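Q: Sequence and predicted structure below; questions after.
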Amino acid sequence: MSQPADRPASSEQARWRVLPGPRAVAVIDDELVYRHGDTGWSMPLADIRVMGEATREALGDDYFLCVVTDGIGWQEVSFYAHGVDTALAGLSRHLGATLRWQLIHHTSLSSRVMWPAALVDQELLTVLPARSWWGRLLQRLGVPPVSSDVQLSPTVLGHLQQR
């Protein structure tokens, strides 16, 4: 689902290696740090422009915290990652807002903005129309979109362009 912002894993950005287990997230020294297996990323909290949540039909990871920066992409943190609720509380404190999970029981593609206040509860992500006849057929049959078929919603893109 995500089209992550490009962030090379330099030695300064490899802070995720200290996190426990195969999936973990934490707020450390004004950075959001995420580990997923043998990869990970970190970003300064000051770079966050929009926070949201998204669900999708999938086996395994199907619920995510989405972190949008100035770019057109976003990073995803699995709801099932170790420390996710503690990290969400740390993000809430940093942003001065109460961030709450609200799509926890959704079983199909759904998304919403959690922050900033001006965008709360608006759609975070939107599904692009399929380009090929095969893709259009799959959409008509209700097959969930792949990551390349999803982008930030026009509302979120408009917010980012205002900055």
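A: Structure received. Residues are numbered from 1 along each chain as shown.
Q: was I right about His159 contacting Val50?
A: Yes - His159 is within contact range of Val50, at 6.6 Å (criterion: Cβ atoms under 8 Å). Yep, even glycine has a C-beta here, placed from its N, CA and C like the rest.
Q: what is in contact with those two at once?
A: The contact sets of His159 and Val50 overlap at 116, 119 (Cβ atoms under 8 Å, 6 or more residues apart in numbering).
Q: what about the two, which has more around it?
A: Using other Cβ atoms under 10 Å as the criterion, His159 and Val50 rank with Val50 on top: 23 against 19.
Q: Show the contacting residues for the closest residue to the more buried one other than its chain neighbours.
A: In this structure, Val50 finds its nearest non-sequential neighbour in Val68, 3.9 Å apart by Cβ to Cβ, 6 or more residues apart in numbering. Contacts for Val68 were tallied using Cβ under 8 Å, 6+ apart; they are 48-52, 74, 124, 152, 156, 160.
Q: How about Ala118?
A: Ala118 touches His159, counting by Cβ under 8 Å, 6+ apart.
Q: residue contacts, Tyr80?
A: So Tyr80 contacts 23, 61, 63 (Cβ under 8 Å, 6+ apart).
Q: on that earlier part again, what is the nearest of the contacts of Val68 to Thr39?
A: Among the contacts of Val68, Trp74 lies closest to Thr39 (Cβ to Cβ), at 16.2 Å.
Q: From Glu31, how far off is the closest one?
A: Using Cβ to Cβ, to the nearest Å, one obtains 17 Å as the distance from Trp74 to Glu31.
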